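K.L.:
Generate coordinates for the sequence data below:
(one chain, ligands or ions: 1)
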Amino acid sequence: MKRIVTMQDISCVGKCSLTVALPVISAMGVETAVIPTAVLSTHTMFQGFTFHDLTSEIRPIMDHWKKEGITFDAVYTGYLGSFEQLDLAAALFDEFGQNTLKIVDPCMADNGKLYAGFTPEFAASMKDLCAKADIICPNLTEASFLLNIPYLTDYDEAYVQDVLKQLTALGTRRAVLTGISLSGGKLGAYAYDSQEDRFFYYETKEETEHFHGTGDLWASTMCGALVRGRSFDEAIGIACEYVRESIRLTLAEENHNTYGVNFEQAIPYLLEQLGC
Ligand code: PXL
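P.N.:
The predicted structure follows:
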């Protein structure tokens with residue numbers, strides 16, 4: 001069985017970061033090791049969340065794994081909360097990411113705004129981690145903070161392609177912009193492979209509401225699909241459809257929660273898409 005490691009926080013309620021990555025990647029038939037960076041009572045969209053930092057555990061965890069000779073088929077980082085954690089994520093790539101797939105989801109912003117607690121300086125530092133990755137998958141807000149360019153809500157395909165080229169110029173081979181809409185009622189992900197100088201766009205039906213945590217769900221699914229041997233383009237399509245189906249199931253439920261999507265009951269759909 002393939003094994004990946006993912007480094008991000010655990011928000012006890014909220015359906016994002018590790019509480020999404022762990023079940024989804026495991027369900028895809030991939031062993032999922034974790035480096036929890038912090039424990040929060042909820043994700044930061046709730047008021048009054050608690051937060052306990054786990055940074056001091058990370059170096060000892062990695063040292064122990066090195067002694068045990070543990071290796072991974074992919075290293076995937078998500079929400080990171082400090083400069084020190086960015087440095088540790090870089091070390092994780094250096095020490096466990098040789099000849100493995102390295103994915104950075106630079107979780108820090110959405111809808112034109114940084115999440116609570118993040119600064120433009122942090123975004124600038126996140127660029128250095130992106131440079132070490134094989135694939136990065138920001139949304140347009142995160143891309144604009146990474147590149148220090150204005151966040152546009154009104155854009156065209158040429159603009160998206162230009163942003164993608166700027167993202168790969170940070171040093172990563174492939175960049176995927178999630179949450180891209182180029183026509184009414186459609187939403188998808190637009191990718192660029194700088195080595196092949198090739199763009200790829202996958203779009204699907206846009207559901208009527210947007211939810212928190214879908215970026216994490218998207219990145220986790222892409223990671224799982226790639227490790228299961230699907231091509232880059234296939235992994236993007238599978239991730240887009242799984243997120244869409246999870247939102248559809250959420251909306252189908254009366255009194256559904258508003259903090260995260262029903263990815264759990266869409267797992268059979270995901271496995272069908274994955275072909276296993
Ligand atoms: O989904 C990204 C994310 C992950 N972890 C925490 C968050 C967020 C987004 O707000 O607050 C703690």
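
K.L.:
Please count neighbours and contacts with C-alpha atoms only from this point.
P.N.:
OK.

K.L.:
and residue 35, that one's in a helix?
P.N.:
No - counting by DSSP: H, G, I helix; E, B strand; the rest coil, residue 35 falls outside a helix, being strand.

K.L.:
Just confirm it contacts residue 17, I think it does.
P.N.:
No - with contact defined as CA atoms under 8 Å, residue 35 does not count as touching residue 17 (11.2 Å).

K.L.:
Find residues that contact each of these two.
P.N.:
Common neighbours of residue 35 and residue 17 (criterion: CA atoms under 8 Å, 6 or more residues apart in numbering): residue 8.

K.L.:
Residue numbers of the protein in contact with the ligand?
P.N.:
Residues of the chain lying close to the ligand by CA under 6 Å from any ligand atom are 9, 11, 16, 17, 43, 44, 45, 79, 107, 115, 213, 216.

K.L.:
re earlier: of residue 35 and residue 17, which one has the most company?
P.N.:
A direct count of neighbours by other CA atoms under 10 Å for residue 35 and residue 17 places residue 17 higher, at 29 against 21.

K.L.:
Now for that one: which residues touch it?
P.N.:
8, 9, 10, 11, 78, 79, 213, 216, 217 are the contacts of residue 17 under CA under 8 Å, 6+ apart.

K.L.:
so what's it scoring on pLDDT?
P.N.:
Listed pLDDT for residue 17 reads 98.

K.L.:
Kindly provide the distance from it to residue 255.
P.N.:
Residue 17 sits 23 Å away from residue 255, going by CA to CA, to the nearest Å.

K.L.:
just to revisit the earlier point, of the contacts of residue 17, which is the nearest to the ligand?
P.N.:
Among the contacts of residue 17, residue 213 lies closest to the ligand (CA to the nearest ligand atom), at 4.1 Å.

K.L.:
So residue 4 is in contact with residue 28, correct?
P.N.:
No - checked against CA under 8 Å, the pair residue 4 and residue 28 is beyond contact range at 11.7 Å.

K.L.:
Against which helices or strands is the longest helix seen in the chain packed?
P.N.:
Counting residues, the longest helix found in the chain (DSSP state H) is helix 232-252. Helices and strands touching helix 232-252, by 3 or more CA pairs under 8 Å, 6 or more residues apart in numbering; DSSP states H and E, are strand 186-193, strand 198-205, helix 214-227, helix 267-274.

K.L.:
Go again with 7 Å.
P.N.:
helix 214-227 (3 or more CA pairs under 7 Å, 6 or more residues apart in numbering; DSSP states H and E).

K.L.:
Now the helix it packs on: average pLDDT?
P.N.:
Mean predicted confidence for helix 214-227 is 98.

K.L.:
ok, residues contacting that helix?
P.N.:
16-17, 20-21, 24-25, 28, 30, 105, 137, 232, 235-236, 239-240, 243, 274 (CA atoms under 7 Å, 6 or more residues apart in numbering).

K.L.:
And the helices in this structure?
P.N.:
Using DSSP H, helices in the chain cover 18-27, 55-68, 83-96, 120-132, 140-147, 157-168, 214-227, 232-252, 267-274.

K.L.:
Deepest-packed of those, please.
P.N.:
helix 214-227 (a mean of 26; mean count of other CA atoms under 10 Å).

K.L.:
Can I get that helix as CSV, trimmed to CA atoms?
P.N.:
C-alpha atoms of helix 214-227 as CSV (Å, rounded to 0.1, in the frame of the first residue of the first chain):
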residue,chain,number,x,y,z
THR,A,214,-13.8,22.4,0.1
GLY,A,215,-10.2,23.5,-0.8
ASP,A,216,-8.9,20.9,1.7
LEU,A,217,-11.2,18.3,0.3
TRP,A,218,-10.1,19.1,-3.2
ALA,A,219,-6.4,18.9,-2.4
SER,A,220,-6.7,15.7,-0.4
THR,A,221,-8.6,14.0,-3.2
MET,A,222,-6.1,15.1,-5.9
CYS,A,223,-3.3,13.8,-3.6
GLY,A,224,-5.0,10.5,-3.1
ALA,A,225,-5.8,10.0,-6.8
LEU,A,226,-2.2,10.8,-7.9
VAL,A,227,-0.8,8.4,-5.4
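
K.L.:
Fine, thanks again, bye for now.
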